[in-house]
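In: task: produce atomic coordinates for the following.
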Amino acid sequence: MSLEPNVDPVGADLDAPAQTPPSPDKGMFGIRGTGDVSGFGGLVRRRPAVADSPRPFGGYFDEIYDALEEAYAGFADAIEKVVVDRGELTLHILPEKIAEVCRIMRDDDSLRFELCSSVDGVDYLGSDPRRLHVTYQLTSMTYRRRVRLEVAVAEGGSVPSVTSVYPTADWQERETYDMFGVVFEGHPNLTRILMPDDWDGHPQRKDYPLGGVPVEYKGAEIPPPDQRRVYQ
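Out: Predicted coordinates for the structure are as follows:
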């Protein structure tokens with residue numbers, strides 16, 4: 001028998017339903033019932049646009065498109081589609097043409113995209129046989145403009161390296177290879193950059209297993225996500 005007095009907490013709502021005890025289904029951002037303890041499982045992701053955007057694109061986007069079409073003789077065969085979404089221009093390029101397009105984007109006086117600020121991978125598992133996408137963020141410091149180039153390849157596919165055009169892409173292509181398994185043909189030293197050389201698989205693919213990972217410290221192991229600490 002408890003000897004503690006039956007005192008209600010200060011400010012408690014006596015008519016409110018009883019609070020349920022914490023459970024592993026509660027995430028960090030108020031998301032409940034997803035089984036995802038990170039909290040991101042309840043966030044809604046907008047699907048990427050799949051169709052060509054109509055012209056005019058708006059802003060300086062039409063100028064970029066027209067300048068590239070004029071400067072690049074193989075424009076019609078290299079451009080798969082053009083998408084304007086969230087105020088950004090994305091040119092979808094055939095994988096085998098990406099290095100050629102990058103060189104024109106850098107060298108043509110009407111374009112002058114001198115900087116490749118990042119090369120990233122994306123895995124659209126289940127939506128397309130060419131599930132692995134590589135995106136290139138280009139910046140024109142001359143005209144203060146930005147554009148994104150994007151290529152799509154199937155699992156086990158490859159694309160030409162753009163390191164001869166943009167040296168900054170060296171380690172970025174290595175990371176994309178390491179995490180997604182996209183091979184960059186002509187890269188000067190395409191080896192893993194984050195994972196050990198003998199690591200099996202590519203951790204940022206959507207079908208990569210999320211089970212426990214052994215680590216090299218006193219036999220410790222990182223448990224699967226559903227067994228980690230629950231953030232209340």
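In: burial of the nearest residue to Y124 once chain neighbours are set aside, as a residue count?
Out: With sequence-adjacent residues excluded and distances taken as CB to CB, 6 or more residues apart in numbering, Y124 is closest to R131, at 5.1 Å. The way it works is simple: take the backbone N, C-alpha and C, and place the C-beta from them, glycine included. By other CB atoms under 10 Å, the residues close to R131 number 20.
In: so R131 is in contact with G121, correct?
Out: No: with contact defined as CB atoms under 8 Å, R131 does not count as touching G121 (10.6 Å).
In: can you name the next helix or strand after the least confident helix or strand in the chain by mean pLDDT?
Out: Ranked by mean pLDDT, DSSP states H and E, the weakest helix or strand in the chain is strand 213-214, scoring a mean of 63. Using DSSP states H and E, the helix or strand that follows strand 213-214 in sequence is strand 221-222.
In: in its sheet, what does that following strand sit against?
Out: Applying DSSP bridges to the sheet, strand 221-222 is found paired with strand 213-214 (antiparallel).
In: and the nearest residue to L94 once chain neighbours are set aside, how far from R103?
Out: Among residues not flanking L94 along the chain, A78 sits closest, at 5.4 Å (CB to CB, 6+ apart). Distance, A78 to R103, by CB to CB, to the nearest Å: 12 Å.
In: between those two, point out the one with more neighbours.
Out: Shown here are A78 and R103; by other CB under 10 Å, A78 has more neighbours (19 against 15).
In: dump the residue contacts of the more buried one.
Out: Going by CB atoms under 8 Å, 6 or more residues apart in numbering, A78 touches 72, 93-94, 97, 100-101.
In: show me the contacts for the residue nearest to Y124.
Out: 123-125, 152, 154-155.
In: and the pLDDT at Y208?
Out: Note for Y208: predicted pLDDT of 85.
In: count of residues packed around it?
Out: 15.
In: which residues touch it?
Out: Contacts of Y208 by CB under 8 Å, 6+ apart are 201-202.
In: go on, E70?
Out: Contacts of E70 by CB under 8 Å, 6+ apart are S110.
In: how far does the host helix or strand of it sit from its chain's centre?
Out: Using DSSP H and E, E70 falls within helix 61-71. Chain-centre distance of helix 61-71: 26 Å, with CA atoms, centre = their mean, to the nearest Å.
In: ok, now stretch 133-140?
Out: 12 Å.
In: try stretch 67-78
Out: 27 Å.
In: how about that stretch: buried residues?
Out: Of the residues in stretch 67-78, 67-68, 72, 78 count as buried by neighbour count, 16 or more other CB atoms under 10 Å.
In: find me the pLDDT at the closest residue to D62 other than its chain neighbours, would you?
Out: Leaving out its chain neighbours, the residue that sits closest to D62 by CB to CB, 6+ apart is P56, at 5.3 Å. Listed pLDDT for P56 reads 92.
In: so where do the strands sit in this protein?
Out: Using DSSP state E, the strands of the chain run over 79-85, 88-93, 115-123, 132-140, 145-153, 158-160, 183-185, 213-214, 221-222.
In: tell me which of those sits nearest to E175.
Out: Closest to E175 of the strands of the chain, according to CB to CB: strand 115-123, at 7.9 Å.
In: which residues are in contact with the closest one?
Out: Contacts of strand 115-123 (CB under 8 Å, 6+ apart): 102, 131-141, 162, 165-166, 168-169, 172-173, 175-176, 179-180, 182, 204-206.
In: low-confidence stretches in this protein?
Out: 1-50, 211-219, 225-226, 228-232 (pLDDT under 70).
In: if anything else comes up later, I'll come back, but that's it for now.
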